[in-house]
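Student: fold the following, please.
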Amino acid sequence: MNAKLADLYGNDYVLTSEQPDLFHWYRTTDGEEFGIRKTRLTGREKDLLNALFPSIRILDDRMNEVQAKWASLLFEDASSVELNLNSPVRYIHFYLKEAPTDLSDFIEAMTGLFSEETVLLFENERKGVLVQANEIDEQIVHELEQTAAALTADFFTGMSLFVGQTIRHSDSSHLKRVYKAEKKWFATGRELMPSQMVFTHVDIVPAVLFNEASEETIDYLIKLMEPIQHDSELLKSIRIYLESNLNITLAAKQLYVHRNSLQYRVDKFIEKTGIDVKSFQGAVMVYLSLLAMELR
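Tutor: The predicted structure follows:
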């Protein structure tokens, strides 16, 4: 395979380079690394190479000891890596629609936006993960939205992120199992909700469950909203009511309507669908039904 690639790309195929940022780097299943000059590859060729050599990591030579341990655990088959974690961690997965023109500048910008304790790892030039000490931060989603917007503007590439769950068990097998599950969920979330910039496990797991649900289940949930499926104002009102934790006053403020007007809409919804959205069980059913409508 490598000999054929060398024949195809000629001088643009290298095994080492003093200017590594000019090349896309890949690793074969035998561990041999090679690079192909970025300007030589079309988008289709890059996708094909990424499919053939999915385990490549970039900038291995720039990793410190902690990064190397995490990379070995998450990206390879290593199962006995000792990380000596002193606190819970979480993964922040990221995905770029296009590889940055200057990867070194992008890495420097990413590193500067997080604390020194955060471990930055790239799986390839378009996706990777941050391993972050899980400090309680209620503003994390808003902050990451600002981060993604800033990096998108500076490097002209769309970006999405997924804030994973808190991981309190530090054994290697559990850390890797969570990483693999979240990586899969993130890919599903991007496919189902492509316009969303920042995901959390709270909003992505229901989407994943729907993706794995049967057509009969999805159809059943969607049909629950059939009596009001064309009433966009009522559907929006109920969605905001649910997102406001069933707080009628808060929801009314967000909708810029009087509290009594929203109460009327809620009662109208209950009458037409037969589902008591004011109860916890009813609210869960309605939320799942609305989500099914959005993801269909």
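Student: elements contacting the longest helix along the chain?
Tutor: Using DSSP state H, we find that the single longest helix of the chain is helix 172-192. Contacts defined by 3 or more Cβ pairs under 8 Å, 6 or more residues apart in numbering; DSSP states H and E place helix 172-192 against helix 65-75, strand 89-96, strand 159-163, helix 201-212. All C-beta spots, glycine's among them, are computed from the backbone N, C-alpha and C.
Student: mind running it again at 6 Å?
Tutor: In terms of contacts (3 or more Cβ pairs under 6 Å, 6 or more residues apart in numbering; DSSP states H and E), helix 172-192 is packed against helix 65-75, strand 89-96, helix 201-212.
Student: most packed of the ones you listed?
Tutor: Scoring the helices and strands packed on helix 172-192 by mean neighbour count under mean count of other Cβ atoms under 10 Å gives strand 89-96 as the most buried, with a mean of 22.
Student: average model confidence for that strand?
Tutor: Strand 89-96 shows a mean pLDDT of 89.
Student: any idea of the angle it forms with strand 159-163?
Tutor: 160 degrees (axes from the mean of the first three to the mean of the last three Cα atoms, to 10 degrees).
Student: lowest-confidence helix or strand of the chain?
Tutor: When each helix and strand of the chain is scored by mean pLDDT, DSSP states H and E, helix 140-155 comes last, with a mean of 74.
Student: who touches the longest helix of the chain?
Tutor: Residues from elsewhere that reach helix 172-192 (Cβ atoms under 6 Å, 6 or more residues apart in numbering): 73-74, 79, 81, 91, 93, 160, 162, 164, 167, 199, 204, 207-208, 211, 295.
Student: farthest-separated two in those?
Tutor: Farthest apart among these by Cβ to Cβ are Val81 and Leu295. That separation is 37.0 Å.
Student: picking up where we left off before, let me know the average pLDDT across the longest helix of the chain.
Tutor: 90.
Student: make 27 the starting number, not 1.
Tutor: Okay, residue one is now 27; in that scheme the one you just asked about reads as helix 198-218.
Student: that helix vs helix 91-101, what angle?
Tutor: Using the same axes, to 10 degrees: helix 198-218 against helix 91-101 is 70 degrees.
Student: buried set for helix 198-218?
Tutor: 198, 201-202, 204-205, 208-209, 211-212, 214-216, 218 (16 or more other Cβ atoms under 10 Å).
Student: swap in stretch 246-264?
Tutor: 247-248, 250-251, 254, 257, 260-261, 263-264.
Student: count the residues that sit near Ser196.
Tutor: 15 (other Cβ atoms under 10 Å).
Student: does the residue of the chain positioned farthest from its centre count as helix, strand or coil?
Tutor: Residue farthest from the centre of the chain, counting by Cα atoms, centre = their mean, is Asn286 at 39.1 Å. Counting by DSSP: H, G, I helix; E, B strand; the rest coil, the backbone at Asn286 sits in helix.
Student: so how far is Ile166 from Val303?
Tutor: 29 Å (Cβ to Cβ, to the nearest Å).
Student: before we move on, what about Gln191?
Tutor: Applying Cβ to Cβ to Gln191 and Ile166 gives a distance of 13 Å.
Student: now Leu288
Tutor: 30 Å.
Student: now Lys123
Tutor: 22 Å.
Student: indicate which one of the helices and strands packed on helix 198-218 is closest to Leu146.
Tutor: Per Cβ to Cβ, nearest to Leu146 of these: helix 91-101, 7.4 Å.
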